[in-house]
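In: Structure, please.
(chains A and B)
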Number of protein chains: 2
Amino acid sequence: MDHLPSWNDGPAKSAIESFVHAATDAGSPQFVPEDERIATFDQDGTMWVEHPIVTQLAFALARVFALAPNNPKWKDAEPFKSILARDQAAIAKFTMKDLEAIVMATHAGMATGDFHATVSEWMTTAEDPRWNRRYTELVYQPMLEVMQYLRANGFKIYIVTGGGQAFVRTFAQQVYDIPPQRVIGSAAKTNYAYTKEGRGVLVKQPALLFFDDTAAKAEDIYLFLGRRPRAAFGNSDGDRQMLEYTQGNGGATLAMLVLHDDAEREYAYGPANGLPDVKLSPFSQATFDEAAAKGWPVISMKNDWKRVFAFNP
Amino acid sequence: MDHLPSWNDGPAKSAIESFVHAATDAGSPQFVPEDERIATFDQDGTMWVEHPIVTQLAFALARVFALAPNNPKWKDAEPFKSILARDQAAIAKFTMKDLEAIVMATHAGMATGDFHATVSEWMTTAEDPRWNRRYTELVYQPMLEVMQYLRANGFKIYIVTGGGQAFVRTFAQQVYDIPPQRVIGSAAKTNYAYTKEGRGVLVKQPALLFFDDTAAKAEDIYLFLGRRPRAAFGNSDGDRQMLEYTQGNGGATLAMLVLHDDAEREYAYGPANGLPDVKLSPFSQATFDEAAAKGWPVISMKNDWKRVFAFNP
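Out: Purely as a prediction, here's the structure:
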């Protein structure tokens, strides 16, 4: 039986299958007990489309419009002014500080349950501008098959994302079959407070507890899981430490990177294309070199995937 | 079949059984789907002995002696001076700041794997002074039965402790059948670094990421799990918000407090005994009153438990 039907035969598919056999065959010298079978997946660019902007930023921009009537000063204050003026050139140049201001203004100051409801509603109505599909449909079918293949072999599957943990948990069960406690991501502080009726609720604060990217991915995996993964999948410099930390487990491990080299079916960006990388966390030549030096198989979207999405574009 | 053989019949045992029936009987109006069945247990004083000092402090004091030869200045510097002089009266009066200094000096500055090994070795050799038993034997048999009873009914069992997450994870699998990713506790920051051989490791820093007590218990449950528990067990003011947050789930919930009223078999302290409470996080009259007002059953060690430990003292 082919567990990875959306994959072409080649080194990437073989690497996944060889790893699973090495980790799960009782006679394998690299056999891994089931409670140590943990696989971590980056989300943006690894599990779904992140180009030209990550989905969470699209959500935040939509929230700026929704909240603008209650925030009249935004018309004259950056970065909100550029958003409300739909100034795409200015939006493309937003700094990390701009993005943080946008996220804090649209994600904080509400109870966690209210945030969850707001994200849920947006996800069922918003569409991406290229495919005119719900964002949750822009998930890579081949990567869903890897998750399912690993799950069927006793692996626990985690998302480890620079995106917001509360944001991703809203749809992870439905989209990835991953329960909220298996989503690790950037997290805002929350404050315990009481409603008028005396019910304890958590209110999201405009302050980060941690930004789950680069070294923080390894640190947060330890914080949440207490041990190293056996397999890890990423697509950018932000995933290097997670892949190193996984490979550092020794024995049967798998560390892989998705390369966006398919301008026709998705997008092409990163070192293989010689194109400038528009993301906050690029796939730089240094990471490409590290992958080669350490034997991390690189997944070519163009060559390794029979199809990109579950739907036919 | 009696799932709670170490419990006497009474309101506490009945409350546990009634909750399980309400949550798991398919015909129950309060039926809880299996993926929402989450139960959280405080550790010190709820799962094992915390009197006269919590086990992690006993470990830290032992580490001060072990590390003293490399820290000659400790002979003249508090709080280390009092520890090395075995000045029990001074130790009993340590402030939170003293304790933090002791924990940082004994828990930080090493790779996570080295800390794990140090705790493991201590746990297999150290004995408590009253029963002359390993600390991991001082676990309450009736509470282990509650964990097992809930687990058999589809609940995921978590420890949510003010104690150190890395400390408790070292023995939670063996003692509670709880894997590391289901231990939530106070956590130190870690820094990702490389060994001389280029292997990525995490080094424990002398700084807290969070102290998992009082309101932080609710906040950290949300951080780690993304949803409210269905059942929660505590024994002190530090557990109030966790119990409130659990009860706030609505439907079938259970919030219980262990009362230490058994001077003969264990210890008696807290409001029911009119004794001064020696702990950092006492069971105050205010919490006792909240339990009565909100219908949280209080577990009397003396009346509700046939035996306290698995061994015969």
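In: The stretch 1-150 of chain A: helices as residue ranges?
Out: Ranges of helices within the stretch 1-150 of chain A are A:11-24, A:55-67, A:80-84, A:88-92, A:96-107, A:112-125, A:141-152, based on DSSP state H, counting those that start in this stretch.
In: For the last one, which residues meet the burial criterion?
Out: Counting neighbours by 16 or more other C-beta atoms under 10 Å in any protein chain shown, one finds that the buried residues in helix A:141-152 are A:141-147, A:149-150. For every residue, glycine as well, the C-beta is placed using N, CA and C.
In: Now do the helix or strand that that helix is followed by: distance to the chain's middle.
Out: Moving toward the C-terminus from helix A:141-152, the next helix or strand (DSSP states H and E) is strand A:156-164. Computed by C-alpha atoms, centre = their mean, to the nearest Å, the chain-centroid distance of strand A:156-164 equals 6 Å.
In: And the residue of the stretch 201-313 of chain A closest to chain B?
Out: A:Gly226 (3.0 Å; C-beta to the nearest C-beta).
In: ah, wrong one, I meant the stretch 51-200 of chain A
Out: Per C-beta to the nearest C-beta, A:Pro180 is where the stretch 51-200 of chain A lies closest to chain B, at 3.0 Å.
In: quick one: the nearest residue to that residue once chain neighbours are set aside and B:Gly270, what's the gap?
Out: Excluding the flanking residues, the one nearest A:Pro180 by C-beta to C-beta, 6 or more residues apart in numbering or on different chains is B:Gly226, at 3.0 Å. When C-beta to C-beta, to the nearest Å is the yardstick, B:Gly226 and B:Gly270 sit 33 Å from each other.
In: Compare neighbour counts for the two and give me the winner.
Out: Neighbours per residue, other C-beta atoms under 10 Å in any protein chain shown: of B:Gly226 and B:Gly270, the larger number sits with B:Gly270, 25 against 21.
In: residues touching the residue nearest to the more buried one when sequence neighbours are not counted, list them.
Out: Distance criterion C-beta to C-beta, 6+ apart; nearest residue to B:Gly270, sequence neighbours excluded, is B:Phe283 at 3.8 Å. With contact set as C-beta atoms under 8 Å, 6 or more residues apart in numbering or on different chains, B:Phe283 has these partners: B:235-237, B:257, B:259-260, B:269-271, B:277.
In: could you redo these as a markdown table and give each row pLDDT and secondary structure?
Out: As requested, those are arranged in a markdown table below (pLDDT from 0 to 100; DSSP: H, G, I helix; E, B strand; the rest coil):
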| residue | pLDDT | secondary structure |
| --- | --- | --- |
| B:Asn235 | 96 | coil |
| B:Ser236 | 94 | coil |
| B:Asp237 | 94 | helix |
| B:Leu257 | 96 | strand |
| B:Leu259 | 93 | strand |
| B:His260 | 93 | coil |
| B:Tyr269 | 87 | coil |
| B:Gly270 | 79 | coil |
| B:Pro271 | 72 | helix |
| B:Asp277 | 58 | coil |
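In: ok, so of the residues you listed, who is nearest chain A?
Out: Using C-beta to the nearest C-beta, B:Asp237 comes nearest to chain A of these, at 14.0 Å.
In: wouldn't that closest one be in contact with B:Phe288 here?
Out: No - here B:Asp237 does not reach B:Phe288: they are 9.8 Å apart, not a contact under C-beta atoms under 8 Å.
In: wait, what's in contact with A:Thr190?
Out: A:112, A:202-205, B:219, B:222-223.
In: Mind doing that once more with 10 Å?
Out: Applying C-beta atoms under 10 Å, 6 or more residues apart in numbering or on different chains, we find A:Thr190 in contact with A:108, A:111-112, A:166, A:201-205, A:207, A:209, B:215-216, B:218-220, B:222-223.
In: So which of those are in helices?
Out: A:112, A:166, B:215-216, B:218-220, B:222-223 (DSSP state H).
In: Any chance of JSON lines for those, columns pLDDT and neighbour count?
Out: Formatted as JSON lines, the ones in helices among the contacts of A:Thr190 follow (pLDDT from 0 to 100; neighbours: other C-beta atoms under 10 Å in any protein chain shown):
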{"residue": "A:Thr112", "pLDDT": "97", "neighbour count": "20"}
{"residue": "A:Ala166", "pLDDT": "98", "neighbour count": "24"}
{"residue": "B:Ala215", "pLDDT": "98", "neighbour count": "19"}
{"residue": "B:Ala216", "pLDDT": "98", "neighbour count": "21"}
{"residue": "B:Ala218", "pLDDT": "98", "neighbour count": "27"}
{"residue": "B:Glu219", "pLDDT": "98", "neighbour count": "22"}
{"residue": "B:Asp220", "pLDDT": "98", "neighbour count": "25"}
{"residue": "B:Tyr222", "pLDDT": "98", "neighbour count": "22"}
{"residue": "B:Leu223", "pLDDT": "98", "neighbour count": "24"}
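In: so what's A:Ala39 closest to, chain neighbours aside?
Out: Computed as C-beta to C-beta, 6+ apart, the closest residue to A:Ala39 that is not its neighbour in sequence is A:Ala231, at 4.0 Å.
In: what's the spacing between the residue of the stretch 51-200 of chain A closest to chain B and B:Phe224?
Out: Distance of A:Pro180 to B:Phe224, computed by C-beta to C-beta: 9 Å.
In: Could you check which of these two is surrounded by more residues?
Out: More crowded of A:Pro180 and B:Phe224, by other C-beta under 10 Å: B:Phe224, with 23 against 19.
In: and A:Gly154, how many neighbours does it have?
Out: By other C-beta under 10 Å, 15 other residues sit near A:Gly154.
In: That one contacts A:Ala26, correct?
Out: No - applying C-beta atoms under 10 Å, one finds A:Gly154 not in contact with A:Ala26, separated by 12.0 Å.
In: which residue is nearest the middle of chain A?
Out: A centroid search over chain A (C-alpha atoms, centre = their mean) returns A:Gln43, at 1.6 Å, as the residue closest to the centre.
In: per-residue confidence at that residue?
Out: pLDDT recorded at A:Gln43 is 98.
In: now swap in A:Pro282 and tell me
Out: Predicted confidence (pLDDT) for A:Pro282: 83.
In: and it, what is it in contact with?
Out: A:235-238, A:269-271, A:276.
In: what distance separates the helix-or-strand element of chain A with minimal mean pLDDT from the centre of its chain?
Out: When each helix and strand of chain A is scored by mean pLDDT, DSSP states H and E, helix A:88-92 comes last, with a mean of 89. Chain-centre distance of helix A:88-92: 23 Å, with C-alpha atoms, centre = their mean.
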